[in-house]
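Asker: Prediction below, plus the sequence it came from.
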Amino acid sequence: MLYNERAEMILQQLQLQSTVKVTELSQFLQVSVDTVRRDLKNMEQEGRIKYVRGGACLPEDRNSLSNFTGREIIHSELKREAARKALAHVKEGNVVALNSGTTNTVLAQELAGMNLKFTVVTNNYAALNILMQNPAIRLIAVGGTMDPLERSTYGTVCEGEFAAYRPDLAFLSINAVNYQDGYTDFRLDEIGVIQILARTARRVIAVMDSSKLGQCSKRLVLLPEQVDLLLTDDHVSSEVKEKYRSKGIEIQ
């Protein structure tokens, strides 16, 4: 097996779990531990992984914990690929809930171009500003404490207002997922919002770009069974999708 083939298989394993061990990769690839170590060091030099003691992990986005504007730029085209897949799930007359996050802001750009009448309820004020461009979309702004960096509201008022709705769809922007830990996020103020929407929506759909697969963020948000579908871009192999499916996470 050539280096490029081994590297691709290592990346697939890292899309499944937040870290991989050298010894596990040695058995999986059926090569020596020394070969795995050399591969990991080469992949780190190429910027594809982060080599850590005894194994490797995916490199975190440098802006993953920075402000909203910085995160908008990262993987914007991959986010748009995922967002466009969400449009097929929206029907005339639906009530659609969006939480905060840059992916849902990209999704709002796509929703604004739809020729349908539906309602959006959201705490995402960046998304609201975009959706105002389409007068056919009825907008409900959820109140609460304003987070100027995230351009959204949060807190008990926000969560209480969201809890009054029973959306047909909830599109959730979440920071990370892997098939061992489930869905995790670093935005501690947003976790309550995500969990309420997962409980109250008739259909729960996570939307994220493929760089979030195999990552683990600061706090558990949702278990795999609490999300009906994960939409991402097309940079995910069928093997990785099948592994996630076996753990209860359906990827499209």
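Answerer: Thanks, I have the structure now. Given the structure is predicted, the values throughout are model-derived calculations rather than measurements.

Asker: which residue ranges form the strands in the stretch 1-150 of the chain?
Answerer: Using DSSP state E, counting those that start in this stretch, the strands of the stretch 1-150 of the chain run over residues 19-21, 50-52, 55-57, 95-98, 118-122, 137-141, 145-147.

Asker: ok, which stretches of the stretch 151-252 of the chain are strands?
Answerer: 152-154, 169-172, 176-178, 182-185, 203-207, 219-222, 229-231.

Asker: Can I get those strands in CSV including mean neighbour count?
Answerer: Every residue, glycine included, has its C-beta placed from N, CA and C. Listed next are the strands of the stretch 151-252 of the chain as CSV, based on neighbours: other CB atoms under 10 Å:
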stretch, mean neighbour count
strand 152-154, 26
strand 169-172, 27
strand 176-178, 26
strand 182-185, 22
strand 203-207, 21
strand 219-222, 18
strand 229-231, 21
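
Asker: Point out the one among the strands of the stretch 1-150 of the chain that comes closest to residue 191.
Answerer: strand 145-147 (13.2 Å; CB to CB).

Asker: helices and strands of the protein: which one has the lowest mean pLDDT?
Answerer: helix 68-73 (a mean of 48; mean pLDDT, DSSP states H and E).

Asker: tell me the contacts of the spatially most central residue of the chain?
Answerer: In the chain, the centroid-proximal residue (CA atoms, centre = their mean) is residue 208; its distance is 3.1 Å. Contact analysis of residue 208 by CB atoms under 8 Å, 6 or more residues apart in numbering lists 79, 82, 103, 173-175, 177, 230-232.

Asker: Ranking by neighbours, what's the top pick from the residues you listed?
Answerer: residue 103 (32 neighbours; other CB atoms under 10 Å).

Asker: distance of that one from residue 170?
Answerer: Per CB to CB, to the nearest Å, residue 103 is found 13 Å from residue 170.

Asker: which residue ranges form the helices in the stretch 51-200 of the chain?
Answerer: Remark: helices assigned in the stretch 51-200 of the chain by DSSP state H, counting those that start in this stretch are 68-73, 76-86, 102-111, 125-131, 156-163, 191-200.

Asker: Tabulate those helices (a markdown table), appending distance to residue 213.
Answerer: Listed next are the helices of the stretch 51-200 of the chain as a markdown table, based on distance: least, CB to CB, whole Å:
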| stretch | distance to residue 213 |
| --- | --- |
| helix 68-73 | 17 |
| helix 76-86 | 11 |
| helix 102-111 | 13 |
| helix 125-131 | 23 |
| helix 156-163 | 27 |
| helix 191-200 | 18 |
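
Asker: Return the most buried member of the ones you listed.
Answerer: helix 102-111 (a mean of 24; mean count of other CB atoms under 10 Å).

Asker: Distance from the chain centre to it, please.
Answerer: With CA atoms, centre = their mean, to the nearest Å as the basis, helix 102-111 stands 13 Å off its chain's centre.

Asker: elements contacting that helix?
Answerer: helix 68-73, helix 76-86, strand 95-98, strand 118-122, helix 125-131, strand 169-172, strand 203-207 (3 or more CB pairs under 8 Å, 6 or more residues apart in numbering; DSSP states H and E).

Asker: Of the helices of the stretch 51-200 of the chain, which is nearest residue 11?
Answerer: Comparing the helices of the stretch 51-200 of the chain under CB to CB, the one sitting nearest is helix 76-86, at 15.1 Å.
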